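Engineer: Compute the structure for the input listed below.
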Amino acid sequence: MGKKVIETVIIGAGPYGLSLAAHLSAMGAPFRIFGKPLETWRAHVPKGMLLKSDGFASNLSSPDPDSTLKVWCEARGKAYDDTAIPVPLADFLDYSAWFQQRYVPTLEDSQVVSLARAAHGGFTLWLDNGEMLQAARVVLAVGISWFKHMPDELRELPPSLVSHSYDHHDLAGFAGRKLLMLGAGSSAVDTAVLAREAGADVSLLARASQIHYHTPPDPDAVSWLKAIAHPSSGIGPGWRSFLCARAPRLFRRMPERLRLRATSRHLGPAPGWFMRGKLQGKTLLGHEIENIRPYQDGVLVTARNGDGGTAQILADHVIAATGYRPDLRRLPFLVSELREQIAHVRHTPHLSDYFETSAPGLYAVGPLAANAFGPLMRFMVGAEYAAPRLAAHLVKTAAKLRAVA
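Structural biologist: Numbers count the residues shown, from 1 in each chain. Predicted coordinates:
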């Protein structure tokens, strides 16, 4: 007797994976989901951080109206506002743990180590516990874990001297050390501020000529005129953000050149409004790294500004808050034969209206889908669009397959 085929397997237990699982569960659809719940948020985001996303845009998605962060906070007497009160990381982690236990109790804390096309259709997966399983459809909800970007000039330095912001959760180990932060976005500023509070001597270096903080909410500025001229959305204010958040299917139909440009340029690095004024220490903006090398027990960085002037910084360690670049080639469990079947642009998959890749039955959501559906997919609020849409599609296609069988 052949091994039972699972209708849907979800790889990843971040906001997109858990949200999709919650919708499938509510619809009574069979599935299995693998991964450590919110691992990136729990182990790779600095302790004490405040979420950049507004409260109303920091939900995991479920059909249950009582599954929101707002309802969770109100039930526990925690301070909450849709826009005016930043969400503490600790509260979001507690909320996400509650969400997972209530709506996705079947989550399996195992990792997929191999995903391949099965000989007779569907997929074969191997888990790190040695289990082999067959699935009709697979959803890649892998988040950013595999995609941290390290600039070329830093890759030759040993890990003792340079790391990525993704590598740090507890910054107490930098107390008493000279730390150089690279970048001008949220990760750079948040990590720099929290490292300084932990006792580090922090400098910040960035190519950007200034740090663009988000605009703080102004309750007195609410009016019908502002709502028309500068509408709000889950990924930021303004018509461009509003359209990206409300019309991802329309975005997918834009010419590829325009989609790629909009995804890469819209909503660039920007710390939350609540971080303004907190960054202390030496700050060098508008500087490019000219040379970086080990020096004594640390790193010597030479940087040049647009006027040709140079500056040198000696640090014990460099943290590159240089973002993430989704790339199918960096998924270690995706066997090369399957990866080569996936049509792609800039190594992210071409996707259908329902997030299906050119390999039938293989889907991708979250950051891997951003070049297709736009910058909405870079944020957790994008799960509120992707999860119910994909869940309904998976249930509908499964019913068709059963009817044919």
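Engineer: Let's test this: mean pLDDT of stretch 277-289, rounded?
Structural biologist: For stretch 277-289, mean pLDDT rounds to 94.
Engineer: If you count neighbours, what's buried in it?
Structural biologist: Of the residues in stretch 277-289, those buried by neighbour count under the rule 16 or more other C-beta atoms under 10 Å are 279, 281, 283, 286-287, 289. All C-beta spots, glycine's among them, are computed from the backbone N, C-alpha and C.
Engineer: Is Ala29 in contact with Glu7, as I believe?
Structural biologist: Yes: the criterion here is C-beta atoms under 8 Å, and Ala29 meets it with Glu7 at 6.7 Å.
Engineer: what's the overlap in contacts for the two?
Structural biologist: Overlap between the neighbourhoods of Ala29 and Glu7 consists of 394, 398, taking contacts as C-beta atoms under 8 Å, 6 or more residues apart in numbering.
Engineer: Tally up the residues packed near the nearest residue to Gly366 once chain neighbours are set aside, please.
Structural biologist: Distance criterion C-beta to C-beta, 6 or more residues apart in numbering; nearest residue to Gly366, sequence neighbours excluded, is Tyr16 at 4.3 Å. For Tyr16, the neighbour count with other C-beta atoms under 10 Å is 30.
Engineer: Same question for Lys3.
Structural biologist: Using other C-beta under 10 Å, Lys3 has 9 other residues around it.
Engineer: Against Thr124, how distant is it?
Structural biologist: Distance of Lys3 to Thr124, computed by C-beta to C-beta, to the nearest Å: 9 Å.
Engineer: circling back: what does the pLDDT read for the residue nearest to Gly366?
Structural biologist: Reading off the per-residue confidence, Tyr16 sits at a pLDDT of 98.
Engineer: can you check Arg261 too?
Structural biologist: Arg261 is assigned a pLDDT of 87 by the prediction.
Engineer: Which positions within the host helix or strand of it qualify as buried?
Structural biologist: Using DSSP states H and E, Arg261 falls within helix 256-265. For helix 256-265, burial by neighbour count (16+ other C-beta under 10 Å) applies to 259-260, 262-263.
Engineer: which stretches of this protein have low pLDDT?
Structural biologist: In the predicted model of the chain, residues 1-2, 219-231, 233, 235, 239, 267, 402-405 satisfy pLDDT under 70.
Engineer: Can you spell out the domain ranges of it, please?
Structural biologist: What automatic domain parsing lists as the domains of the chain is 5-147+324-404, 152-212+270-320.
Engineer: Can you check which of those domains gets nearest to Arg253?
Structural biologist: Nearest to Arg253, of all the domains of the chain, is domain 5-147+324-404, at 9.1 Å by C-beta to C-beta.
Engineer: ok, back up a step: let's have the buried residues of helix 256-265 in TSV, adding distance to Gln341.
Structural biologist: Formatted as TSV, the buried residues of helix 256-265 follow (distance: C-beta to C-beta, whole Å):
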residue	distance to Gln341
Arg259	22
Leu260	22
Ala262	27
Thr263	24
